[in-house]
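Visitor: Provide a 3D model corresponding to the input given below.
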Amino acid sequence: METRDIEYILAVAAHGGIGRAADVLGISQPALTKAVQRVETQAGLPLFERTANGMTATYAGTRFLERARRIQLEYEDGIKEMLGIRTGEQGILRVGYSPSIPGSVILGACRQLVRERPVARLRLRRRLARDLLDLLAAGELDVAVAPAPSAASSTGLAVQPLFDDRLVVVADEGHALLLRRRKLRLADLADQEWLLPEGHITLRQQVDAAFRQRGLPEPRPRIEIDFGSTSLFALMQGTQMLSIANQGGDAMQHGLRALPLGVEELDLRRNIGVISREGAYLSPLAQRLTVLLREHSR
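Guide: I've put the predicted structure just below:
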């Protein structure tokens, strides 16, 4: 098998057929078909089966593709490391970060990095934590700054701890619950309207579960969002809606305040870290960014 065959097999899987994959790769369909047959001959099993919609991986093909993706990522890491040795640093750093990470931390660290390294280039992606982990696994990010995943979902990932923080329930500074001058219970929030992430997002599931555990109805969202932008908190100004935000974070710039709700009522404490693929090569730029993130998170 030729090294390039791995790229060819992955392209057929990604595009669902020989024709589409050949167009993307810029080679002829017969050449791509021959490459697939060459690998299948060595494997002794068919990797794909033809369907009405193109080609799909067989069971053996699915297992082979998992290993092929890892080999491709290792190869790319090797090239990056060689470039780093030759030039002293890697020119492009691909960084993902969660919308709930305080802007002063991630943007402050990036701003200092580009001042220190005039030739460095950053490619930033602001995504939900689950999406960031998928991008890391696919090799589309070098590092992600996000809540550390649970042990069950952290296989294949390395986490360098940065800081601990807590998400809190927030409301407009004129909200009636902020006038109650006493510690609130979750039951006090049961009949409120909310601005919340959609139901498939982990944070929403945590909030819903906390209400159910106390025999309370799940929160009733007036507005559902994907938490892609903290500017959406402006929708809460002058309303009686509640939402979830980082304690002391960007939401407070929109006139919102944290409700006096104890952690025993709603525990949204988190461990924030710099996440990368386990064993992946981290360029000098990535290592320096990690140091700067620690400094800016103090």
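Visitor: tally of neighbours for Ser243?
Guide: By the other Cβ atoms under 10 Å criterion, the neighbourhood of Ser243 contains 25 residues. (Glycine included, C-beta is placed from N, CA and C.)
Visitor: Start the count at 22 instead of 1 going forward.
Guide: Right, with 22 as the first residue, what we last looked at is Ser264.
Visitor: Let me see the residues that make contact with the helix or strand it falls within.
Guide: Using DSSP states H and E, Ser264 falls within strand 263-267. Outside of strand 263-267, the residues within contact range by Cβ atoms under 8 Å, 6 or more residues apart in numbering are 121-123, 186, 188-192, 196, 198, 210, 213-218, 224, 228, 240, 251, 254, 257, 272-273, 277, 279-280, 289.
Visitor: Flag every buried residue along the host helix or strand of Arg132.
Guide: Element membership of Arg132, judged by DSSP H and E, is helix 124-137. Of the residues in helix 124-137, those buried under the neighbour-count criterion (16 or more other Cβ atoms under 10 Å) are Val126, Ile127, Gly129, Ala130, Cys131, Gln133, Leu134.
Visitor: Neighbours of Lys204, how many?
Guide: Neighbourhood size, Lys204 [other Cβ under 10 Å]: 11.
Visitor: residue contacts, the residue nearest to it when sequence neighbours are not counted?
Guide: Spatial nearest neighbour of Lys204, excluding adjacent residues (Cβ to Cβ, 6 or more residues apart in numbering): Pro281 at 5.0 Å. Residues in contact with Pro281 (Cβ under 8 Å, 6+ apart) are Arg203, Lys204, Leu205.
Visitor: Give me the neighbour count for the residue lying closest to Ala130 once chain neighbours are set aside.
Guide: Taking Cβ to Cβ, 6+ apart as the measure, Ala130 lies nearest to Leu313, with 3.9 Å between them; neighbours along the chain are not counted. Number of residues near Leu313 (other Cβ under 10 Å) recorded here: 18.
Visitor: For Leu313, give its distance to Val189.
Guide: In this structure, Leu313 and Val189 are separated by 27 Å, where distance is defined by Cβ to Cβ, to the nearest Å.
Visitor: Could you export the buried residues of helix 124-137 as JSON lines, including pLDDT?
Guide: Converted to JSON lines, these look like this (pLDDT from 0 to 100):
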{"residue": "Val126", "pLDDT": "91"}
{"residue": "Ile127", "pLDDT": "93"}
{"residue": "Gly129", "pLDDT": "94"}
{"residue": "Ala130", "pLDDT": "95"}
{"residue": "Cys131", "pLDDT": "94"}
{"residue": "Gln133", "pLDDT": "94"}
{"residue": "Leu134", "pLDDT": "91"}
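Visitor: most residues in a single helix of the protein, which one?
Guide: In terms of residue count, the longest helix belonging to the chain (DSSP state H) is helix 80-108.
Visitor: quick check: angle from the helix or strand that comes right after that helix to helix 124-137?
Guide: Where DSSP H and E defines the elements, the next helix or strand beyond helix 80-108 is strand 113-118. Using axes from the mean of the first three to the mean of the last three Cα atoms, to 10 degrees, the interaxial angle of strand 113-118 with respect to helix 124-137 works out to 170 degrees.
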